[in-house]
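A.B. asks: Build me a structure from this.
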Amino acid sequence: MPELAQASLETKMPAPATERFFVRFTRQQRAMHAVLFTTFLGLAGTGLPLRFSDSIWARGLAGAVGGFGAILSFHKFCALALTVAFLIHVKEIFTRGLYRREKGIFWGATSMVANWKDAKDLFAHMRWFLGLGPKPQFERYAYWEKFDYWAVFWGMIVIGFSGYAMWFAPFFARFLPGWALNAALVIHSEEGLLAILFIFSIHFVNTHLRPDSFPMDMVIFTGVESEKEFEHKRPQEYARMVREGKLDARLGEAPATWYVRFARIVGFTAIFIGVTLLVLTLTAYFD
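C.D. replies: Next up is the predicted model:
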(Lines give C-alpha, C1' and ligand atoms only; values in the text may rest on other atoms or scores of the structure.)
Protein backbone atom coordinates (compact mmCIF):
# COMPACT_ATOMS: atom_id res chain seq x y z
CA MET A 1 0.00 0.00 0.00
CA PRO A 2 2.69 2.60 0.78
CA GLU A 3 4.27 1.80 -2.59
CA LEU A 4 0.95 2.35 -4.38
CA ALA A 5 0.37 5.62 -2.54
CA GLN A 6 3.87 6.82 -3.47
CA ALA A 7 3.34 5.83 -7.10
CA SER A 8 0.00 7.64 -7.18
CA LEU A 9 1.61 10.76 -5.70
CA GLU A 10 4.38 10.69 -8.28
CA THR A 11 1.92 10.44 -11.15
CA LYS A 12 0.04 13.50 -9.88
CA MET A 13 3.19 15.64 -9.47
CA PRO A 14 3.93 17.71 -12.58
CA ALA A 15 7.13 16.95 -14.45
CA PRO A 16 9.91 19.50 -13.95
CA ALA A 17 9.76 22.24 -16.52
CA THR A 18 12.53 22.22 -19.08
CA GLU A 19 14.81 25.22 -19.19
CA ARG A 20 13.80 27.76 -21.81
CA PHE A 21 16.25 29.63 -24.02
CA PHE A 22 15.76 32.94 -25.77
CA VAL A 23 17.44 34.30 -28.88
CA ARG A 24 19.65 37.35 -28.30
CA PHE A 25 21.81 37.39 -31.42
CA THR A 26 20.94 36.13 -34.89
CA ARG A 27 23.21 33.87 -36.91
CA GLN A 28 24.20 36.81 -39.12
CA GLN A 29 25.12 38.94 -36.10
CA ARG A 30 27.23 36.13 -34.64
CA ALA A 31 28.96 35.62 -37.98
CA MET A 32 29.72 39.34 -38.16
CA HIS A 33 31.17 39.24 -34.65
CA ALA A 34 33.29 36.23 -35.61
CA VAL A 35 34.74 38.16 -38.56
CA LEU A 36 35.26 41.19 -36.32
CA PHE A 37 37.20 39.48 -33.55
CA THR A 38 39.13 37.24 -35.98
CA THR A 39 40.31 40.14 -38.12
CA PHE A 40 41.02 42.27 -35.06
CA LEU A 41 43.22 39.54 -33.62
CA GLY A 42 44.94 39.34 -36.98
CA LEU A 43 45.47 43.09 -37.10
CA ALA A 44 46.75 43.16 -33.53
CA GLY A 45 49.00 40.15 -34.05
CA THR A 46 50.58 41.72 -37.13
CA GLY A 47 50.44 45.38 -36.15
CA LEU A 48 52.28 44.96 -32.85
CA PRO A 49 55.40 43.37 -34.42
CA LEU A 50 55.48 46.24 -36.90
CA ARG A 51 55.04 48.79 -34.12
CA PHE A 52 57.71 47.20 -31.91
CA SER A 53 59.93 45.81 -34.65
CA ASP A 54 63.07 46.16 -32.52
CA SER A 55 61.75 43.80 -29.84
CA ILE A 56 63.18 40.31 -29.59
CA TRP A 57 59.80 38.61 -29.89
CA ALA A 58 58.88 40.75 -32.94
CA ARG A 59 62.08 39.84 -34.76
CA GLY A 60 61.58 36.19 -33.86
CA LEU A 61 58.03 36.23 -35.22
CA ALA A 62 59.16 37.95 -38.41
CA GLY A 63 61.85 35.35 -38.92
CA ALA A 64 59.36 32.54 -38.44
CA VAL A 65 56.83 33.79 -41.02
CA GLY A 66 59.16 35.09 -43.72
CA GLY A 67 59.99 38.61 -42.63
CA PHE A 68 58.22 41.85 -41.82
CA GLY A 69 57.01 42.07 -45.42
CA ALA A 70 54.90 38.94 -44.93
CA ILE A 71 53.53 40.36 -41.67
CA LEU A 72 52.58 43.60 -43.43
CA SER A 73 50.81 41.68 -46.21
CA PHE A 74 48.70 39.75 -43.73
CA HIS A 75 47.99 42.99 -41.88
CA LYS A 76 46.59 44.51 -45.07
CA PHE A 77 44.52 41.41 -45.78
CA CYS A 78 42.89 41.59 -42.33
CA ALA A 79 42.28 45.32 -42.84
CA LEU A 80 40.45 44.67 -46.11
CA ALA A 81 38.34 41.88 -44.60
CA LEU A 82 37.37 44.04 -41.63
CA THR A 83 36.52 46.99 -43.89
CA VAL A 84 34.23 44.87 -46.06
CA ALA A 85 32.46 43.46 -42.98
CA PHE A 86 32.05 46.95 -41.54
CA LEU A 87 30.55 48.34 -44.75
CA ILE A 88 28.13 45.40 -44.95
CA HIS A 89 27.02 46.11 -41.39
CA VAL A 90 26.51 49.84 -42.08
CA LYS A 91 24.49 49.01 -45.20
CA GLU A 92 22.31 46.61 -43.18
CA ILE A 93 21.66 49.22 -40.47
CA PHE A 94 20.55 51.88 -42.94
CA THR A 95 18.52 49.37 -44.94
CA ARG A 96 16.63 48.27 -41.85
CA GLY A 97 16.20 51.76 -40.44
CA LEU A 98 15.50 53.87 -43.54
CA TYR A 99 14.21 51.46 -46.20
CA ARG A 100 12.32 48.88 -44.12
CA ARG A 101 11.33 51.46 -41.47
CA GLU A 102 12.10 49.13 -38.59
CA LYS A 103 11.43 50.74 -35.24
CA GLY A 104 14.11 50.88 -32.61
CA ILE A 105 17.11 51.00 -34.94
CA PHE A 106 18.15 54.61 -34.31
CA TRP A 107 16.34 55.32 -31.06
CA GLY A 108 14.54 53.59 -28.22
CA ALA A 109 15.03 50.68 -25.85
CA THR A 110 16.39 48.32 -28.53
CA SER A 111 18.71 50.82 -30.21
CA MET A 112 22.50 50.92 -29.91
CA VAL A 113 22.31 54.73 -29.85
CA ALA A 114 23.06 56.08 -26.38
CA ASN A 115 20.25 57.86 -24.55
CA TRP A 116 19.58 59.56 -21.23
CA LYS A 117 18.99 56.22 -19.48
CA ASP A 118 22.53 55.12 -20.31
CA ALA A 119 23.95 58.19 -18.57
CA LYS A 120 21.79 57.51 -15.51
CA ASP A 121 22.81 53.82 -15.54
CA LEU A 122 26.49 54.81 -15.68
CA PHE A 123 26.28 56.99 -12.58
CA ALA A 124 24.00 54.50 -10.81
CA HIS A 125 26.53 51.76 -11.55
CA MET A 126 29.32 53.85 -10.06
CA ARG A 127 27.23 54.39 -6.94
CA TRP A 128 26.59 50.65 -6.74
CA PHE A 129 30.32 49.92 -7.07
CA LEU A 130 30.89 52.16 -4.04
CA GLY A 131 28.03 50.64 -2.07
CA LEU A 132 26.00 53.87 -2.22
CA GLY A 133 22.97 52.62 -4.09
CA PRO A 134 21.18 49.69 -5.75
CA LYS A 135 22.41 48.04 -8.91
CA PRO A 136 20.85 49.62 -12.04
CA GLN A 137 18.38 47.60 -14.08
CA PHE A 138 19.51 47.27 -17.70
CA GLU A 139 17.53 47.10 -20.92
CA ARG A 140 18.53 45.21 -24.07
CA TYR A 141 21.95 46.87 -24.26
CA ALA A 142 23.93 48.25 -21.33
CA TYR A 143 25.90 51.48 -21.61
CA TRP A 144 29.27 49.71 -21.86
CA GLU A 145 27.99 47.51 -24.70
CA LYS A 146 26.99 50.61 -26.63
CA PHE A 147 30.40 52.12 -25.95
CA ASP A 148 32.08 48.99 -27.32
CA TYR A 149 29.84 49.11 -30.38
CA TRP A 150 30.56 52.72 -31.27
CA ALA A 151 34.26 52.28 -30.55
CA VAL A 152 34.36 50.14 -33.70
CA PHE A 153 33.05 53.07 -35.74
CA TRP A 154 35.64 55.38 -34.20
CA GLY A 155 38.37 52.86 -34.94
CA MET A 156 37.31 52.34 -38.53
CA ILE A 157 37.26 56.08 -39.17
CA VAL A 158 40.48 57.06 -37.39
CA ILE A 159 42.62 53.92 -37.56
CA GLY A 160 41.18 52.75 -40.86
CA PHE A 161 41.55 56.05 -42.71
CA SER A 162 45.10 56.63 -41.43
CA GLY A 163 46.04 53.08 -42.41
CA TYR A 164 44.70 53.44 -45.95
CA ALA A 165 46.40 56.85 -46.23
CA MET A 166 49.73 55.15 -45.59
CA TRP A 167 48.92 52.18 -47.81
CA PHE A 168 47.94 54.37 -50.77
CA ALA A 169 50.24 57.29 -49.98
CA PRO A 170 50.81 58.39 -53.62
CA PHE A 171 47.07 58.81 -54.11
CA PHE A 172 46.45 60.69 -50.86
CA ALA A 173 49.55 62.84 -51.43
CA ARG A 174 47.70 64.47 -54.35
CA PHE A 175 45.44 66.40 -51.98
CA LEU A 176 47.08 66.04 -48.55
CA PRO A 177 50.23 67.86 -47.40
CA GLY A 178 53.29 65.82 -46.49
CA TRP A 179 52.91 66.47 -42.79
CA ALA A 180 49.43 64.89 -42.89
CA LEU A 181 50.88 61.57 -44.05
CA ASN A 182 53.45 61.73 -41.25
CA ALA A 183 50.61 62.44 -38.83
CA ALA A 184 48.72 59.46 -40.25
CA LEU A 185 51.60 57.19 -39.27
CA VAL A 186 51.56 58.47 -35.69
CA ILE A 187 47.77 58.38 -35.43
CA HIS A 188 47.53 54.87 -36.86
CA SER A 189 50.20 53.55 -34.52
CA GLU A 190 49.00 55.19 -31.30
CA GLU A 191 45.26 54.75 -31.88
CA GLY A 192 45.81 51.15 -32.88
CA LEU A 193 47.78 50.58 -29.70
CA LEU A 194 44.99 52.19 -27.67
CA ALA A 195 42.40 49.96 -29.31
CA ILE A 196 44.43 46.85 -28.55
CA LEU A 197 44.88 47.83 -24.92
CA PHE A 198 41.16 48.58 -24.59
CA ILE A 199 39.92 45.36 -26.18
CA PHE A 200 42.37 43.06 -24.40
CA SER A 201 41.74 44.62 -20.99
CA ILE A 202 38.49 46.57 -20.60
CA HIS A 203 36.37 44.69 -23.15
CA PHE A 204 37.55 41.24 -22.07
CA VAL A 205 36.87 42.07 -18.42
CA ASN A 206 33.43 43.58 -19.07
CA THR A 207 32.33 40.76 -21.34
CA HIS A 208 33.80 37.61 -19.87
CA LEU A 209 35.32 38.21 -16.45
CA ARG A 210 32.38 39.85 -14.69
CA PRO A 211 30.82 37.69 -11.95
CA ASP A 212 27.65 37.37 -14.06
CA SER A 213 29.58 35.89 -17.00
CA PHE A 214 32.79 34.38 -15.62
CA PRO A 215 34.65 32.54 -17.04
CA MET A 216 33.03 33.33 -20.41
CA ASP A 217 29.83 34.81 -21.78
CA MET A 218 28.67 32.27 -24.34
CA VAL A 219 25.70 34.16 -25.78
CA ILE A 220 27.70 35.79 -28.59
CA PHE A 221 28.73 32.31 -29.74
CA THR A 222 25.50 30.36 -29.20
CA GLY A 223 23.11 33.23 -29.85
CA VAL A 224 20.79 32.15 -27.02
CA GLU A 225 20.67 32.52 -23.26
CA SER A 226 18.64 30.79 -20.58
CA GLU A 227 15.55 32.46 -19.17
CA LYS A 228 17.22 32.78 -15.78
CA GLU A 229 20.22 34.51 -17.32
CA PHE A 230 18.01 36.74 -19.45
CA GLU A 231 15.90 37.89 -16.50
CA HIS A 232 18.95 38.41 -14.28
CA LYS A 233 21.16 40.36 -16.69
CA ARG A 234 18.50 42.44 -18.46
CA PRO A 235 15.51 42.63 -16.13
CA GLN A 236 13.99 45.68 -17.81
CA GLU A 237 14.03 44.05 -21.24
CA TYR A 238 12.61 40.84 -19.81
CA ALA A 239 9.80 42.72 -18.04
CA ARG A 240 9.05 44.71 -21.19
CA MET A 241 8.84 41.57 -23.32
CA VAL A 242 6.47 39.97 -20.80
CA ARG A 243 4.36 43.13 -20.61
CA GLU A 244 4.09 43.39 -24.40
CA GLY A 245 3.40 39.67 -24.81
CA LYS A 246 6.46 39.20 -27.05
CA LEU A 247 8.51 36.88 -24.87
CA ASP A 248 7.50 33.66 -26.60
CA ALA A 249 8.43 35.15 -29.98
CA ARG A 250 12.05 35.14 -28.82
CA LEU A 251 12.08 31.46 -27.86
CA GLY A 252 15.02 29.51 -29.23
CA GLU A 253 16.54 26.07 -28.98
CA ALA A 254 19.09 25.02 -26.40
CA PRO A 255 22.58 24.95 -27.93
CA ALA A 256 24.07 21.55 -28.68
CA THR A 257 26.68 20.32 -26.21
CA TRP A 258 29.33 19.87 -28.89
CA TYR A 259 28.79 23.41 -30.14
CA VAL A 260 29.12 24.89 -26.66
CA ARG A 261 32.39 23.02 -26.17
CA PHE A 262 33.67 24.17 -29.55
CA ALA A 263 32.68 27.77 -28.78
CA ARG A 264 34.50 27.62 -25.46
CA ILE A 265 37.65 26.45 -27.20
CA VAL A 266 37.40 29.30 -29.71
CA GLY A 267 36.61 31.84 -27.03
CA PHE A 268 39.37 30.81 -24.64
CA THR A 269 41.83 30.68 -27.53
CA ALA A 270 40.92 34.27 -28.44
CA ILE A 271 41.29 35.38 -24.83
CA PHE A 272 44.65 33.61 -24.53
CA ILE A 273 45.92 35.30 -27.70
CA GLY A 274 44.63 38.64 -26.51
CA VAL A 275 46.20 38.40 -23.07
CA THR A 276 49.49 37.25 -24.62
CA LEU A 277 49.50 40.22 -27.00
CA LEU A 278 48.64 42.53 -24.10
CA VAL A 279 51.61 41.28 -22.08
CA LEU A 280 53.95 41.56 -25.07
CA THR A 281 52.66 45.08 -25.76
CA LEU A 282 53.24 46.27 -22.21
CA THR A 283 56.65 44.58 -22.12
CA ALA A 284 57.74 46.25 -25.36
CA TYR A 285 56.20 49.61 -24.54
CA PHE A 286 57.92 49.98 -21.18
CA ASP A 287 61.18 48.36 -22.25
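
A.B. asks: Sketch out the low-pLDDT regions of the stretch 1-150 of the chain for me.
C.D. replies: For the stretch 1-150 of the chain, the stretches flagged by pLDDT under 70 are 1-17.

A.B. asks: residue ranges for the strands of it, please.
C.D. replies: Taking DSSP state E, counting those that start in this stretch as the criterion, the stretch 1-150 of the chain contains strands spanning 21-23.

A.B. asks: Next: the stretch 151-287 of the chain.
C.D. replies: Listed in chain order, the strands found in the stretch 151-287 of the chain under DSSP E, counting those that start in this stretch are 224-226, 251-252.

A.B. asks: which of those is buried the deepest?
C.D. replies: With neighbours defined as mean count of other Cβ atoms under 10 Å, those peak in mean count at strand 224-226, which reaches a mean of 19. (Each C-beta comes from the backbone N, C-alpha and C, glycine too.)

A.B. asks: still on that earlier bit, the strands of the stretch 151-287 of the chain into JSON lines, with extra columns for mean pLDDT and distance to Val113?
C.D. replies: As requested, these are arranged in JSON lines below (pLDDT from 0 to 100; distance: least, Cβ to Cβ, whole Å):
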{"stretch": "strand 224-226", "mean pLDDT": "94", "distance to Val113": "23"}
{"stretch": "strand 251-252", "mean pLDDT": "92", "distance to Val113": "26"}
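
A.B. asks: I'd like the ones you listed laid out as TSV, including distance to His125.
C.D. replies: Rendered in TSV, the data for those read as follows (distance: least, Cβ to Cβ, whole Å):
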stretch	distance to His125
strand 224-226	21
strand 251-252	29
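
A.B. asks: closest one to Val205 among these?
C.D. replies: Across the strands of the stretch 151-287 of the chain, Val205 has its closest neighbour in strand 224-226 (19.6 Å, Cβ to Cβ).

A.B. asks: if we look at that closest one, which residues are touching it?
C.D. replies: Residues from elsewhere that reach strand 224-226, judged by Cβ atoms under 8 Å, 6 or more residues apart in numbering: Glu19, Arg20, Phe21, Phe22, Val23, Arg24, Val219, Lys233, Gly252, Glu253, Ala254, Pro255.

A.B. asks: which residues touch the last one?
C.D. replies: By Cβ under 8 Å, 6+ apart, Pro255 lies in contact with Phe21, Met218, Thr222, Gly223, Val224, Ala263.

A.B. asks: Pull out the buried members of those residues.
C.D. replies: When burial is judged by neighbour count using 16 or more other Cβ atoms under 10 Å, the buried members of those are Phe21, Met218, Thr222, Gly223, Val224, Ala263.

A.B. asks: for those residues, which one is nearest Gly245?
C.D. replies: Closest approach between the buried ones among the contacts of Pro255 and Gly245, by Cβ to Cβ: Phe21, at 18.9 Å.

A.B. asks: among the contacts of strand 224-226, which two are most distant?
C.D. replies: Taking Cβ to Cβ as the measure, the contacts of strand 224-226 reach their widest spread between Lys233 and Glu253, a distance of 19.8 Å.
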